[in-house]
Structure formats: C-alpha cells, structure tokens
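Visitor: next comes the sequence, and after it the predicted model I'd like to discuss.
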Amino acid sequence: MRADYVIVGAGSAGSAMAYRLAEAGKSVLIIEHGGSDRGPFIQMPGALSYPMNMARYDWGFRTEPEPHLGGRRLAVPRGKVIGGSSSINGMIYVRGHARDYDHWCDSGATGWGYADVLPYFKRLENWHDGGHGGDPVWRGKNGPLHITRGKRNNPLTRAFVEAGRQAGYPVTGDYNGHQQEGFGPFDMTVWKGRRWSAAHAYLKPALKRANCDLVRAFARKIVFEDGRATGVEVERGGAIEVVGAEREVILAASSINSPKLLMLSGVGTAVHLTEFGIDMVADRPGVGRNLQDHLELYIQAAASQPVSLFKYWNLFGKVYVGARWLLTRTGPGASNQFESAAFIRSQAGVDYPDIQYHFLPIAVRYDGQAAAEGHGFQAHVGPMRSPSRGAVTLRSADPKEAPRIIFNYMAHEKDWQDFRTGIRLTREIFAQEAFMPYYKHEIQPGSDVRSDDELDDFIRQHVESAYHPCGTVRMGKADDPMAVVDPECRVIGVDGLRVVDSSVFPRITNGNLNAPSIMTGEKAADHVLGRAPLPPDNAEPWMHPAWQTAQR
C-alpha cells in the first residue's frame, strides 16, 4: 500500500492537509486509529461533555502527578476518532491574537507572522456572523469550515457582556476580527445545529476523491532508509505492515502522539532514546519539550431566578433536549452554550489580552458534574501565556504504551499571580449591575476565600486543563538546537518527514487551539506542494491605545 503522501492522524491539521493535497491531484493515505464519528454524542453540540469522557473517542491520557498541584493527575483528552480533537472539543473557534503569530516569527518561525497566517484563516473560514456585528473584511466566506454564533437568547449570556461594559472593558463585535480585546459573542464550529468538525469540513470531502483513502490502523513508527522517511509501520488486523510514501510522511497525530512517534522512530534526545534501546536517526533534543497548555478555573454563582440551563439538568429535560435535536436540529442541544466570551488584559503594561473568559449559563463541570443543585452560572477564567513548560517522554519502547506527560503546571510565581488576578477581576464583573437581577451568592471559590493563601489553596485544588496542549515539536530555525521542524514544517536532520499539528507551535496562542491547528494544516499544505504562500495581509489589528498605563 503506497501513496505520494502518508498522513498520520485524521484530526484538525491532518484532515486539512489531506483535503488540500488530494485537491491538488496527489495520492494520499491517511492513517487513523480512531473510529467513526457517527452518533449524537459527537454530533449534538449540547452533548460536548460526553465524547471527551468516553474511551471510544478519547486516547485517555493523564498527566504524571503534577508537583505544583499537590500531586494531582489531570486528564489530557485527545480525539481518537476521525476529526481528532475537533470531534470531541467544545467547538469554540478562536484564531488567537495577531501578536501571538508575530512572536512565532520573531522566535524563528519565519513566514508565520500574523500577516502571513491571516490569509490562511480567511481561506479556511465560511463565516456566518448571525447578525451580531463584526467586520466581514477580516473574515473568510468561502472556506470549508462553517463558523456560526449562538442565538444568545439566555439573559445570563447577555448579562455577561453588559457587565463587562459596565466594568469599563470594551465591547467587541468580533474577537476574531479587528479587535480581540473586550466582551462579545463567541464563534463556534457548528452548522445547522450539528458539530462541524474537521471530519465534516475536510476529511469526508477529501475521501470522496479517488486519490485519497483512509487506513484504519495503529501507527507504530516511521520507517527510515538512509536518513529518509519512506513509510509508516502500522498494526492492522493483528498484522504489522508498512504503508509506503513515495514523497513524504506527514505526522499530524497531536502534540502528544507526534513527539511519541518521533522518539519511537529514532528522532529525539540521544540519551533518552538510548535508555530504551532505540537506534538514533536524528539527535533533536527539542522533541517532546516545550509542552504548554492553558489552565482555567470555574468561578460559579448561584442564580436568584430560574433562568439558567439547570431546568434541563434532569432526566425529562435531557430527553426533551435530545429528542428535539434529533428531530429538528434545534433547541438547546444545537449550541455548545458557550455564546459569550471575553479577552482582557490583567494589568497595565500588558500589550494584548492575557486572560480569556468562557461564559456558561449553568454551574457545571466539563465532566458533567454539577457543583450545586439549582440554577447558576459560571465564567471559566484562565491566563493565556503561562511561563511554565513541561515535556512528553517515552515510558518504554512499546508503541502501545502511553507516554509520560508532565506539564509542570503552576511552576512559576507569575502563574499564581495571574490566577489570583483572574479570580478578583471575575468577582468584580459578577458584581456589576447587569447581574444584580440574577446573582444570589458565590458558589466557588466562596465568599470567604479572600486572601492570597486562601486563593492559592483553591487554585491548587480546582484548577483544570482547558485541553490545549501544544509546542512539543517546536518550529524554528534549522540552526536552533531546540527546534525540531523548520518553518516549512520539515523535521530537521532527516528527509521526507514533516510534522503538521499544534505540536509545532513555538508558543501557545490566545484562546482555543482548533482554529490555529487547522490553519497550520492549510498553510503547511502549500509548503508541501511547493507553492508560493498566499500574499500577506497587512491589516492592522486593534490595540488598546492606553495599554501602557491602563488595564481597561
């Protein structure tokens, strides 16, 4: 079994890559261990908490005991299904801030500045603003990925944006357009009431072409001949075989599995690979390093009126929501319910937002466990640019064994300062007049949790991953000893091998990572095809005119 290009992973970036390569007439084989995305748990946006907690759809990774979180082991959901994590995520669409990509470029990822990536975001988007405002000049209208907005008909959802305005923050019509900073509506990858994953947008259209096929198999390692990647060793139906690549092998297996596959194949730190008896192909000490993520807290309040989604949080309510969605693709099940967002700066002197909010009109966890019986609401608050870094390393040379994952969360004092600030700013927002008709009392952290030490105890016990791991195969200049891929996503030190997923990010972007991951697949496809990149778009994003002296 052979093709021009062999892609490992049918997730966000891999699906986009397959679509563009097949569209260009190249033969493509996509290796995917996960199964079908059929079924309401994935397709119904309101059921988002289910697939990421199901072994059928999730690789089931967990961190090692995190030393700064009291030894807690946190879940690291990664999609084991066509569409990858875009089939189990919260469907939130965030490009990131312009300055994120300028930092990439400045750190060695030449050609990945904001002017360079903006045309690719436009190429991938089919944006529907829902009548909520925003400048269409900044958005794409003809791409494969449908991006919509919820109806925002819950009074709590509207109150959050108004409370932000009352607290002195700007209101933005489109945080993915001219102005990220401020309070406004969330974008979601939902179309006609259904999750619009990378599988729907890219993979399934690609597979309709005669030159693109899906190989259901478990990838064991990359096969090299004289320093060139020539295929992928897979296990399928109990047998081991090689899927051959005439031109290139492309890893798009996630920021956890891509570095794992590189190390199993002999690309990594010499000392680490020698420990497991793996023959070296290329000594790249950056493989598995630079692991980053976003953490978040749920700041929850009880509601004084029965206006939250809690009215559906019972057997009858869930049956009603599910039945309505199955029959009409409408109702509460047709939205992820994250319909209001905010990006703010934590203090004066921070040049662009470093705190993100997801607002939800119910008090509940991602795992579906309600914090308190009754109506409530919550803001997920999280710093965007933690200085802490972790690593993905091998546990053994057995491809079936999960790697060791440690993020080293909260390793810096700045992490603690940022979270304390985030809690206090959230309390201030909830105290605004817009919430007074609905606010009853604080559920968590609780009104008695005030001092730095008390807040730190709450953070240590309750902080959760926002599920945005990235950075483990960092992009940079070829002479950078810690870079793993060059600015065309080619693995340094070998031929015929690229990595194209969130693992190549030099630094985590502002917000959720699905959009930047798809953009990476789109842009890297032009590099693979040897095409000139799309012309730069030098549109200037909004920056707070008084950012040096004002926090809002």
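Guide: That came through, no problem. Residues are numbered from 1 along each chain as shown.
Visitor: so what pLDDT did the residue nearest to residue 335 when sequence neighbours are not counted get?
Guide: Taking CB to CB, 6 or more residues apart in numbering, and ignoring the residues beside it in sequence, residue 335 has residue 150 as its nearest neighbour in space, at 4.3 Å. (Each C-beta comes from the backbone N, C-alpha and C, glycine too.) Residue 150 is assigned a predicted lDDT (pLDDT) of 94.
Visitor: now the helices for this protein?
Guide: Counting by DSSP state H, one finds helices in the chain at the ranges 12-23, 40-43, 98-106, 114-124, 155-166, 198, 204-207, 254-264, 270-275, 315-328, 413-430, 452-462, 514-529.
Visitor: most tightly surrounded among those?
Guide: Mean neighbour count (mean count of other CB atoms under 10 Å) peaks for helix 198 among the helices of the chain, with a mean of 32.
Visitor: thinking again about what came up before, could the helices of the chain go into CSV alongside distance to residue 71 and mean pLDDT?
Guide: Below are these laid out as CSV (distance: least, CB to CB, whole Å; pLDDT from 0 to 100):
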stretch, distance to residue 71, mean pLDDT
helix 12-23, 32, 98
helix 40-43, 32, 95
helix 98-106, 32, 98
helix 114-124, 39, 98
helix 155-166, 35, 98
helix 198, 35, 98
helix 204-207, 43, 98
helix 254-264, 21, 98
helix 270-275, 24, 95
helix 315-328, 35, 96
helix 413-430, 17, 98
helix 452-462, 10, 98
helix 514-529, 30, 98
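Visitor: turn the ones you listed into JSON lines, including distance to residue 233.
Guide: Output for these, formatted as JSON lines (distance: least, CB to CB, whole Å):
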{"stretch": "helix 12-23", "distance to residue 233": "18"}
{"stretch": "helix 40-43", "distance to residue 233": "29"}
{"stretch": "helix 98-106", "distance to residue 233": "32"}
{"stretch": "helix 114-124", "distance to residue 233": "32"}
{"stretch": "helix 155-166", "distance to residue 233": "49"}
{"stretch": "helix 198", "distance to residue 233": "25"}
{"stretch": "helix 204-207", "distance to residue 233": "23"}
{"stretch": "helix 254-264", "distance to residue 233": "9"}
{"stretch": "helix 270-275", "distance to residue 233": "17"}
{"stretch": "helix 315-328", "distance to residue 233": "42"}
{"stretch": "helix 413-430", "distance to residue 233": "40"}
{"stretch": "helix 452-462", "distance to residue 233": "42"}
{"stretch": "helix 514-529", "distance to residue 233": "22"}
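Visitor: hang on, residue 403 packs against residue 397?
Guide: No - under the criterion of CB atoms under 8 Å, residue 403 lies out of contact with residue 397, with a separation of 11.4 Å.
Visitor: ok, those two, which is more surrounded?
Guide: More neighbours surround residue 403 than the other of residue 403 and residue 397, with 20 against 14 (other CB atoms under 10 Å).
Visitor: quick one, what contacts the more buried one?
Guide: For residue 403, the contacting residues are 61, 256, 259-260, 288, 392-395, by CB atoms under 8 Å, 6 or more residues apart in numbering.
Visitor: over to residue 4?
Guide: 21, 26-28, 245-248.
Visitor: quick revisit: looking at the helices of the chain, spot the one closest to residue 339.
Guide: When the helices of the chain are compared for distance to residue 339 using CB to CB, the nearest one is helix 155-166, at 4.9 Å.
Visitor: give me the contacts around that closest one.
Guide: Applying CB under 8 Å, 6+ apart, the external contacts of helix 155-166 come out as 150, 152, 171, 182-185, 303, 307-308, 339-340, 342, 344, 357, 359, 361, 377, 379, 429-430, 432-435, 437-438.
Visitor: again, only this time at 7 Å
Guide: Residues from elsewhere that reach helix 155-166, judged by CB atoms under 7 Å, 6 or more residues apart in numbering: 152, 171, 183-184, 307-308, 339-340, 342, 359, 361, 377, 429-430, 432-435, 438.
Visitor: which among the contacts of residue 4 end up buried?
Guide: 21, 26-28, 245, 248 (16 or more other CB atoms under 10 Å).
Visitor: nearest approach to residue 295 belongs to which of the helices of the chain?
Guide: Evaluated over the helices of the chain, closeness to residue 295 peaks at helix 413-430, with 7.7 Å, by CB to CB.
Visitor: so what does that closest one touch, helix or strand wise?
Guide: Contact partners of helix 413-430 among helices and strands, from 3 or more CB pairs under 7 Å, 6 or more residues apart in numbering; DSSP states H and E: helix 155-166, strand 295-303, strand 376-383, helix 452-462.
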